[in-house]
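Colleague: Model the following, please.
(chains A and B)
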There are 2 protein chains.
Amino acid sequence: MAGRILVDGVAADRVSVLDRGLGYGDGLFESIRLVGGRAPLWARHMQRLAEGCQRLLIPSPDPDQLGHEVRQVGADMAQAVVRITVTRGIGERGYALPASPRPTRVVAAFPLPPVGDAAVHGVRMRVCQLRLAEQQRLAGIKHLNRLEQVLARAEWSDPAIAEGLLRDGSGRVISATMANLFAVIDGELLTPAVDRCGIAGVARAELLDASSSVRVTEVGLEALSGASELFLSSSVRGIVPVQSLDGRRYAPGVVARRWQQHWRDLGFSMEQGG
Amino acid sequence: MAGRILVDGVAADRVSVLDRGLGYGDGLFESIRLVGGRAPLWARHMQRLAEGCQRLLIPSPDPDQLGHEVRQVGADMAQAVVRITVTRGIGERGYALPASPRPTRVVAAFPLPPVGDAAVHGVRMRVCQLRLAEQQRLAGIKHLNRLEQVLARAEWSDPAIAEGLLRDGSGRVISATMANLFAVIDGELLTPAVDRCGIAGVARAELLDASSSVRVTEVGLEALSGASELFLSSSVRGIVPVQSLDGRRYAPGVVARRWQQHWRDLGFSMEQGG
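Modeller: So this is what the prediction gives:
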């Protein structure tokens, strides 16, 4: 991984054990897909990161500096995922904010994960037992407190199952463990609200801004059984149809195909990593 | 800090940026007070850590090895706080558990924080606005997802206020930001349940085991206004009376004094760090 990781702008692969990112999950991250060194959704990633910093009271990093570092680590990779991690920086014991915070920036490039023919045929999903807790102060942003997602993903190990459906304590459907969810129900494209829990995905934001006909609403599990299409959105994996949910089958439909075309038009390929 | 930090048993002050502790807050910690190199509540810390590892599906570290490392970092300090951090170890991108997890152990010694005359006169507290989310899968254990505590502690900067009172979404009182809470109401000693949110403190466990007359129950904020005593329990700071809560005054009472004596009997001094 030499040369693929920068810590505060310097080639390195370690951070202080006193970093509050390690101590309390006190920070944020973004996973950004690069195509030929370019990040088609860059502005949206920077917008979410800035909002997260504002909500957590962490000084925002300079997007131009981050952009420079992202290009540096992903320079010679045709396809890559770059993870940016921003923490509140070093602090000694205790939750109180450091008087003079110096946030830590980690920028690391990874190969694009292989996804096979998921974009064509869709993926299999299951419903997770774990229920997301409702915390408005943290909902929507991509913070580093991800134990719920870790525990939900640990519910299955069958490699044929690609994703798990997450609900809140009241049974409302929220998202997949690492993607947002869209459903076509009675001809209308819906996606769950993420203002009480869940992450407001960058790909989800792209869809919402590109079409006024997508409705953000509460979605119950029963409603999904009447859906004509289900698909996932992920800034890394793109638009991925859901082939089945706990055995109930869905066919990739015209709405997913239309959004896959939109995705390609942004500059992403669906064939590799889509 | 040279010699005061061990990472996987070796003197070091950094961990990999790929550690899941940094990536997802995927781990646990214990803050342990040492007196003359000895940890009076060691067995309770190891018990909670083991339960946390079991709940998070992280292989438990060997308590004997941890004990050796704790003595090593705290060897020449008369009073110290040692933080043990155990993470799921290194993982590449994605929430799925590594096939062969190799947990990371960080053992770091810090000077005991000065607490002045808190044990004698008590501390001032305020009620926090932030409400703890309810997540039974994570309640009670001391995991690394601590953004709620960070945000709650960020609600005030007045150094005269030592602690903040945390409630859940339904208004139930749960704890302070870094201590458990006890209240004497109608002559009975009560402490809030922590099975939906909050941390089951090691000092709290000591009190519950040492006396059958402490009742674990739901406690509302209104009930506290009728309390004859309020006090905090913390494995680092001991038994600390609450002097005021949002302006309402309490006097350190006989119940707090009795538990302070129990604390001294365990081998802790109240005068320094109590």
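Colleague: Point out where the stretch 51-200 of chain A drops to low pLDDT.
Modeller: For the stretch 51-200 of chain A, not a single residue meets the criterion pLDDT under 70.
Colleague: Pull out the buried residues from the helix or strand hosting residue A:260.
Modeller: For residue A:260, the host element (DSSP states H and E) is helix A:254-266. Along helix A:254-266, these residues count as buried under the neighbour rule (16 or more other Cβ atoms under 10 Å in any protein chain shown): A:255, A:256, A:257, A:259, A:260, A:262, A:263, A:264. (Each C-beta comes from the backbone N, C-alpha and C, glycine too.)
Colleague: I'd like to know how far the first one sits from residue B:9.
Modeller: Read that as residue A:255. Noted for residue A:255: a distance of 55 Å to residue B:9, by Cβ to Cβ, to the nearest Å.
Colleague: cool, the third one as well?
Modeller: As defined by Cβ to Cβ, residue A:257 lies at a distance of 55 Å from residue B:9.
Colleague: Next up, the contacts around residue A:57.
Modeller: A:97, B:151, B:154 (Cβ atoms under 8 Å, 6 or more residues apart in numbering or on different chains).
Colleague: correct me, but the first one touches residue B:151?
Modeller: No. Proximity of residue A:97 to residue B:151 does not meet the contact threshold set by Cβ atoms under 8 Å, at 9.7 Å.
Colleague: Who has more neighbours out of those two?
Modeller: residue B:151 (22 against 19; other Cβ atoms under 10 Å in any protein chain shown).
Colleague: Does the residue lying closest to that one once chain neighbours are set aside lie in a helix or a strand, and which?
Modeller: The shortest distance from residue B:151 to any non-neighbouring residue, by Cβ to Cβ, 6 or more residues apart in numbering or on different chains, is to residue B:130 (5.3 Å). Using DSSP H and E, the element containing residue B:130 is strand B:123-132.
Colleague: which parts of that strand are buried?
Modeller: The neighbour-count check on strand B:123-132 (16+ other Cβ under 10 Å) flags B:123, B:124, B:125, B:126, B:128, B:130, B:131, B:132 as buried.
Colleague: what does stretch A:53-64 give?
Modeller: A:53, A:55, A:56, A:58, A:60, A:61, A:63.
Colleague: same check, this time on stretch A:134-150
Modeller: Counting neighbours by 16+ other Cβ under 10 Å, the buried set in stretch A:134-150 is A:134-135, A:137-150.
Colleague: SS state for residue A:148?
Modeller: helix (DSSP: H, G, I helix; E, B strand; the rest coil).
Colleague: Tell me what the nearest residue to it once chain neighbours are set aside is bridged to.
Modeller: Among residues not flanking residue A:148 along the chain, residue A:132 sits closest, at 5.8 Å (Cβ to Cβ, 6+ apart). Taking DSSP bridges as the rule, residue A:132 bridges to residue A:168.
Colleague: just how off-centre is stretch A:170-184 within its chain?
Modeller: 12 Å (Cα atoms, centre = their mean, to the nearest Å).
Colleague: Endpoints of it, how far apart?
Modeller: 22 Å (Cα to Cα, to the nearest Å).
Colleague: Equivalent analysis for stretch A:97-110, please.
Modeller: End-to-end distance for stretch A:97-110, by Cα to Cα: 32 Å.
Colleague: Return the set of buried residues in it.
Modeller: In stretch A:97-110, counting by 16+ other Cβ under 10 Å, buried: A:97, A:101, A:103, A:104, A:105, A:106, A:107, A:108, A:109, A:110.
Colleague: What sits closest to the residue in the stretch 1-150 of chain A that chain B sits nearest to if chain neighbours are left out?
Modeller: Among the residues of the stretch 1-150 of chain A, residue A:25 lies nearest to chain B; the distance is 2.7 Å by Cβ to the nearest Cβ. Leaving aside its sequence neighbours, residue A:25 sits nearest to residue B:25 (Cβ to Cβ, 6+ apart; 2.7 Å).
Colleague: Got phi/psi on the one you found?
Modeller: Main-chain dihedrals, residue B:25, degrees, to the nearest 10: phi 60, psi 30.
Colleague: Quick check, it in contact with residue A:138.
Modeller: No. Residue B:25 is beyond contact range of residue A:138, at 11.8 Å (criterion: Cβ under 8 Å).
Colleague: what sits in contact with each of the two?
Modeller: Common neighbours of residue B:25 and residue A:138 (Cβ under 8 Å, 6+ apart) are residue A:145.
Colleague: what sits against residue A:29?
Modeller: Applying Cβ under 8 Å, 6+ apart, the residues contacting residue A:29 are A:83, A:84, A:85, A:86, A:142, A:143, A:144, B:23.
Colleague: and it, what are its bridge partners?
Modeller: With DSSP bridges applied, the residues forming beta bridges to residue A:29 are residue A:85.
Colleague: for residue A:38, same thing?
Modeller: Applying DSSP bridges, one finds that residue A:38 bridges with residue A:35.
Colleague: And the strands in the stretch 101-250 of chain A?
Modeller: A:104-111, A:123-132, A:161-168, A:173-176, A:180-185, A:188-192, A:214-217, A:229-234, A:238-245, A:248-249 (DSSP state E, counting those that start in this stretch).
Colleague: gap between the second one and the chain center?
Modeller: Offset of strand A:123-132 from its chain centre (Cα atoms, centre = their mean): 16 Å.
Colleague: by how many degrees do that strand and strand A:161-168 diverge?
Modeller: Put simply, strand A:123-132 runs at 30 degrees to strand A:161-168, going by axes from the mean of the first three to the mean of the last three Cα atoms, to 10 degrees.
Colleague: Quick check: residue A:75 touching residue A:37?
Modeller: Yes. When contacts are counted by Cβ under 8 Å, residue A:75 is listed as touching residue A:37 (6.3 Å).
Colleague: can you give me the offset of stretch A:21-32 from its chain's centre?
Modeller: 13 Å.
Colleague: try stretch A:87-99
Modeller: Taking mean C-alpha positions (Cα atoms, centre = their mean), stretch A:87-99 and its chain are 26 Å apart.
Colleague: Stretch A:243-251 too?
Modeller: 23 Å.
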